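S.K.: okay, here's the prediction I keep looking at, along with the sequence it came from:
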Amino acid sequence: MTMSPNSATPAALELNSATKSFGAVTALADGTIEIRFGEIHALVGENGAGKSTLVKILAGVHQPDSGHFTVNGEHVSFRSPADSKDAGISVIYQEPTLFPDLTVAENIFIGRQPRGRLGLIDRASMHSQARELFARLGVPIDPDRVAEGLSIADQQIIEIAKAISLDARILVMDEPTAALSGVEVERLFAVARSLRDRGTGILFISHRFDEVFDLCDRITVMRDGAFIATHDTPDITVDGLVREMVGRDIATLFPKQDAAIGEAVLSVSNLTRAGVFTDISFDVRAGEIVALAGLVGAGRTEVARAVFGIDRYDTGTVLLSGKPIRAHSPQSAIDAGMGFVPEDRRKQGLVMDLSVARNVTLTLRRTLARFGLINAKDERRVAEEWSARLQVKTGSQDLSVATLSGGNQQKVVIAKWLATAPRLLIVDEPTRGIDVGTKAEVHRLISELAVQGIAVLMISSELPEVLGMADTILVMHEGRISARLSRDEATAEAVLHAASASPESAA
Amino acid sequence: MSQTLSPPVERPAAGRALGRTFVSREFSVFAALAVLIIVTAIINPRFLAAQGVKDLLLNSTIFVIMAVGLAVVVITNNVDLSIGSILGLSAFGTGSLFHAFPSIPIPLVFLIGIVFGAVLGAINGLVVTIAGVPSLVITLGTLYIFRGINNAWAGSTQYFIGNEPKEFGNLSVQTLWGIPLFAVAALIVVILAAIFMFGTRAGRDLYAIGSDTEAARLFGINVTGRVVGAFVASGALTGLAGVLYASRFNSVGADTGTGFELQIVAAVVVGGVAIFGGSGTVTGAAIGAVLLTTMTGALAALNVSKFWQQAIVGALIIAAILLDRILSVRTARKLRVSEARNV
Amino acid sequence: MSNAAATTAVARPVKARGTASRLFFGRNANTVYALLLIVVIASVFVPYFAGVATVSFLLIDAVPILLMAMPMALIIITGEIDLSVASTAGLSAAVMGVLFHDAHWNVWWVFVACIIVGLLCGAFNGILITAIGLPSLAVTIGTLALFRGLALVVIGDNAVADFPVDLTTFATSTIGGTGIPTFMIFVAIVVLAFAVLLHFTPFGRALFALGFSKEAARFVGIRVNRSKFWLYVASGGISAFAGIFWVLRYSSAQSDSVTGLELSVVAAVLLGGVSIFGGSGGIVGVVAGVLIIRTVNYSLQLAGLPDTVLTIVTGSLLVLSVIAPSVSARLKLSGEKRRNRALRAETFAT
């Protein structure tokens, strides 16, 4: 680890070689981090690098399988979030959970409201304490209002106020800026800096390099569930950071086959939904894989959902093979030849309690019906055929799909769409939460689909996946397309810059 | 709204406006009550005669006490449909007590009624929390179980006012400074419950639980204990109402209190307690109960067929949840647009 | 007749072995075995239970519950509920009395009008729940009060009893010497129709998906709101039909006809293996659930318990039927987790 001028300050928190597995999936192979009092420490890494698992270990949500964990020099093992809180750690998640019906002041003090005469809550004192906290933070939030309807930025400030009132010495912020606007980010940073100056140790997780370099004193990089390095911020450049984050040979992992690119299958023009995305236009041609890249919250999934008809949009048109698709009607999108492999396999892609066979044939329920009745024999045959084609590993077609591994579940989702013989397949984070071996298999599958002439629109937060698979990359930033890159011009740096819209943006 | 101003400054203002709509929800029920009384009184002046008002207050008492109890449960995002049956058991139990022990002290009868109700409420609460199933289905079941027990117990027996000691029956006509004693009791219940819900940590926990049960659990609030407590409180208050019922009305028997649960649910939601929990006040529920009782009186005073009464109860329940929904959708839409401006 | 219905239902899926085995060993089958056990016990221990009269009395009271349980099962499978069924039946009974007695309508037109009233009641629920998005528990508890209140408004204190004798006799008649009520023919048709709808049509497939995950259902093009809306309309229509039967069977239409039957219907559906949280269940189980409730009630009636006390039994069955799965699920959970982990390890190994 690099020595730094302020290494004399004691470590507030130290996690060494922590591991965590869920079933067969290793989420964290080497969780290592050291946070000091009075510093802002950045944790960077791609999605799936193990950052969230590490945060959840700090928060007491997960218990590590092995490793060494000290807070304030003392060995700890948290059994619940409450233990973590008692040790002086406060975690602020991307979307805080407040009680919407309670006032701001109550949200800060719930369960430990100041009490006055007769043991009743002393509201005046509670509110003045809350007001004091906000004054200290320099943020004008009315402690009397209910939390319902507060912006995410304000909700985070309230969580910070709660942390201060709890005397938290260590503050963990998990991608706090993902949903914030420029002004709000500035305000959050001012608060973070003043806390640091008072001696709080802050762990800051972000995908935005400009923020990391602007705010943080040290930076720790993680990749594939393991610690890579910790740097003092002045000692490292954006390019160096990107190299450490990506750090592997893209070509070997993503054996993309060349596909003949044909006519436009999907044409989206001027799609807009107020407050979500603005003026989105693009084409996806037969045999082409188009990737939508960008940060979480940039509006990629929202665009795809609107195209497929899950959500409404305000203006714009969606054409499939030249024919307009009715807005807000997934069925007409499916009838026209679209398929959608959604990002949340467990909630959106599959009906977890239904059998493998039922899941595969759910998209075909109309075509399988003769005179309105589903032929059970046909249903079974189709399910078996597609499971076999995609090599879904399951004991029986009648087992509930919940018993399968993540990779096999994803194959079931893809199978159910391939069974409809789609012209366009939308895949949203196709390899999220899938082990490395099956990942390559899913990539091969998508590549083969393109070879067969299917147009593929892929949303992915994993840079190597985007760079390795896509023929064209559309980068989104705050609801707009900020860059269009062909396979040849696309580099990790160009995509990352466009996604965080830093000055060097390629757009 | 003032959303067009610079966003960071006007946020608190928007918040206060939001708070105001919730406050105004209670006031609007109160206003509706006032309008109802005034209009009825204009058409039929006898409606506001001293005896009429006294009857109105007396008749409200039982509903007000039950509504306060149910409101506590609904605020935790649960419901107790068995309260009509609990009232029946408590009322018939009171009659039976006096029948078996004619000289039993009256305060002891009240105590037994309250404890009896609390035990029945605890059964509901424990089954709901331990089994983790919707309280509506469980208490629909106990509605019939408790009623069945009442039927088995009472058979065709009815206890009339004459079976009870005179002093007990007289309670319902006694007044304190001209106000019926029962109404004073109800008022005390409302005030105590309001202080508890507004001013104690336990009370605020109930709101937090109704607002977001999972978050409350994560936060370390003892959800099970608090929810059981809410059911116990509701049962105890209903038990008290049952004793008062026995004193106030001519007879108690197997079917006493049948169908009350719907009226009380209506009172609570009309009084501004959100059916999804987390918001509303016991005071609002109490005003809702007075409104509903007044409506019954007003219908009679206005010569409207009494047959309309239940239909109106049903319509009010639906109108109240519809209104809550419209308000929350409107707030959500406003928010999406104002957030959009910030992007 | 109900035997015949059962055989066709069995005959169809034999083609596919998966469905057939599920029919004999699944949760549905367990409910059927429970029913058989209860019938055997009752025949041995309850005097006069084993006899043709039993079939007749037991089944005639099962008619309205069976009818209403069909749409109720589908609604609960989608994760919603309809507590207004008995009030809908009551309202249509009241309308029936008034149109026949006071307005002197032809009795067949009266039937049509009643069914339309039921469909409208269902559509009213459906609109509030799907188009406006209100929770079905709250809405239908409101309409439980509203529809019953409207029944009072329509018919008041009156009881209409002068329906054509041939119709009322028909309602209580039995098929030959079997003791099976003639009305069971209609019930069998409805049950069969709902069984086919739920288990053999695209719509039925969609309902299961819907009950587990609304979001997943939308991604495969299921029109969530439209499906639910039509279920409520069906529930209204069938409840009205049950109301008509009720009036003819008791030769009386009054404002409190069919009061409280929603309890038996919900209890039967849940006893029949439909999960209160939606997503699973089957018609065979629901039919068995209805018959269990009827058998238990009838046996206790024969044993001399008064009707009013029997609500304890129905209420307890309802509470047990919701608690049992959640308690057994908790007990199973640890075992299942272990099994799943083993299975996953196996899949990875291959």
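M.R.: Alright, I've got the coordinates.

S.K.: what about A:Gln94, helix or strand, and which?
M.R.: When elements are assigned from DSSP states H and E, A:Gln94 belongs to no helix and no strand.

S.K.: okay, now it: neighbour count?
M.R.: 18 (other C-beta atoms under 10 Å in any protein chain shown). All C-beta spots, glycine's among them, are computed from the backbone N, C-alpha and C.

S.K.: I figured it was touching A:Leu180, is that so?
M.R.: No. Checked against C-beta atoms under 8 Å, the pair A:Gln94 and A:Leu180 is beyond contact range at 10.0 Å.

S.K.: close to chain C, is the helix or strand encompassing B:Gly141?
M.R.: Secondary structure from DSSP H and E places B:Gly141 in helix B:135-154. Yes. Using C-beta under 8 Å from any C-beta of the partner chain, helix B:135-154 reaches chain C at B:136-138, B:140-145, B:147-149, B:151-152.

S.K.: now do the shared contacts for A:Gln94 and A:Leu180.
M.R.: Between them, A:Gln94 and A:Leu180 share no contacting residue under C-beta atoms under 8 Å, 6 or more residues apart in numbering or on different chains.

S.K.: output the below-cut-off pLDDT ranges for the chain.
M.R.: No chain in the question, so chain A it is. A:1-10, A:23-25, A:47-48, A:178-179, A:181-182, A:248-254, A:433-437, A:501-507 (pLDDT under 70).

S.K.: not quite, I wanted chain B
M.R.: Low-confidence segments of chain B (pLDDT under 70): B:1-24, B:161-163, B:332-343.

S.K.: going along the chain, name the helices of the stretch 101-250 of chain B.
M.R.: In order along the chain, the stretch 101-250 of chain B carries the following helices (DSSP state H, counting those that start in this stretch): B:106-131, B:135-154, B:166-170, B:181-199, B:201-211, B:213-218, B:223-248.

S.K.: tabulate these (a markdown table), appending distance to B:Ser60 and mean neighbour count.
M.R.: A markdown table is the format used below for the helices of the stretch 101-250 of chain B (distance: least, C-beta to C-beta, whole Å; neighbours: other C-beta atoms under 10 Å in any protein chain shown):
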| stretch | distance to B:Ser60 | mean neighbour count |
| --- | --- | --- |
| helix B:106-131 | 19 | 20 |
| helix B:135-154 | 23 | 24 |
| helix B:166-170 | 19 | 13 |
| helix B:181-199 | 7 | 18 |
| helix B:201-211 | 24 | 23 |
| helix B:213-218 | 32 | 16 |
| helix B:223-248 | 11 | 25 |
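
S.K.: got these as JSON lines, with distance to chain A columns?
M.R.: What follows is these, written out as JSON lines (distance: least, C-beta to the nearest C-beta, whole Å):
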{"stretch": "helix B:106-131", "distance to chain A": "19"}
{"stretch": "helix B:135-154", "distance to chain A": "19"}
{"stretch": "helix B:166-170", "distance to chain A": "33"}
{"stretch": "helix B:181-199", "distance to chain A": "4"}
{"stretch": "helix B:201-211", "distance to chain A": "4"}
{"stretch": "helix B:213-218", "distance to chain A": "4"}
{"stretch": "helix B:223-248", "distance to chain A": "11"}
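
S.K.: could you export those as a markdown table, including distance to A:Leu166?
M.R.: Below are those laid out as a markdown table (distance: least, C-beta to C-beta, whole Å):
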| stretch | distance to A:Leu166 |
| --- | --- |
| helix B:106-131 | 29 |
| helix B:135-154 | 33 |
| helix B:166-170 | 54 |
| helix B:181-199 | 23 |
| helix B:201-211 | 16 |
| helix B:213-218 | 15 |
| helix B:223-248 | 21 |
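
S.K.: go through those helices and name the closest to C:Gly221.
M.R.: helix B:213-218 (30.6 Å; C-beta to C-beta).

S.K.: find the centremost residue of the chain, please.
M.R.: Picked chain A for this. Centroid-nearest residue in chain A: A:Val296, 5.4 Å away (criterion: C-alpha atoms, centre = their mean).

S.K.: other chain: chain B
M.R.: Geometric middle of chain B (C-alpha atoms, centre = their mean) lands on B:Ala67, at 0.9 Å.

S.K.: excluding chain neighbours, what is closest to that residue?
M.R.: B:Ala289 (3.9 Å; C-beta to C-beta, 6 or more residues apart in numbering or on different chains).

S.K.: which element is the one you found on?
M.R.: B:Ala289 is part of helix B:282-301, with elements assigned from DSSP H and E.

S.K.: got the angle for that helix vs helix B:201-211?
M.R.: Going by axes from the mean of the first three to the mean of the last three C-alpha atoms, to 10 degrees, helix B:282-301 is angled at 70 degrees with respect to helix B:201-211.

S.K.: so what secondary structure elements neighbour helix B:282-301?
M.R.: Identification of packing neighbours for helix B:282-301 by 3 or more C-beta pairs under 8 Å, 6 or more residues apart in numbering or on different chains; DSSP states H and E yields helix B:7-43, helix B:50-75, helix B:181-199, helix B:260-270, helix B:308-342.

S.K.: out of those helices, which one sits most buried?
M.R.: Each of those was scored by mean neighbour count; the highest is helix B:260-270, a mean of 28, by mean count of other C-beta atoms under 10 Å in any protein chain shown.

S.K.: does chain C sit close to that one?
M.R.: Yes. Applying C-beta under 8 Å from any C-beta, one finds helix B:260-270 in contact with chain C at B:262, B:265-266, B:269.

S.K.: one step back: do you know which of the helices and strands packed on helix B:282-301 lies nearest A:Ile374?
M.R.: Of all the helices and strands packed on helix B:282-301, helix B:308-342 sits nearest to A:Ile374, with 36.8 Å by C-beta to C-beta.
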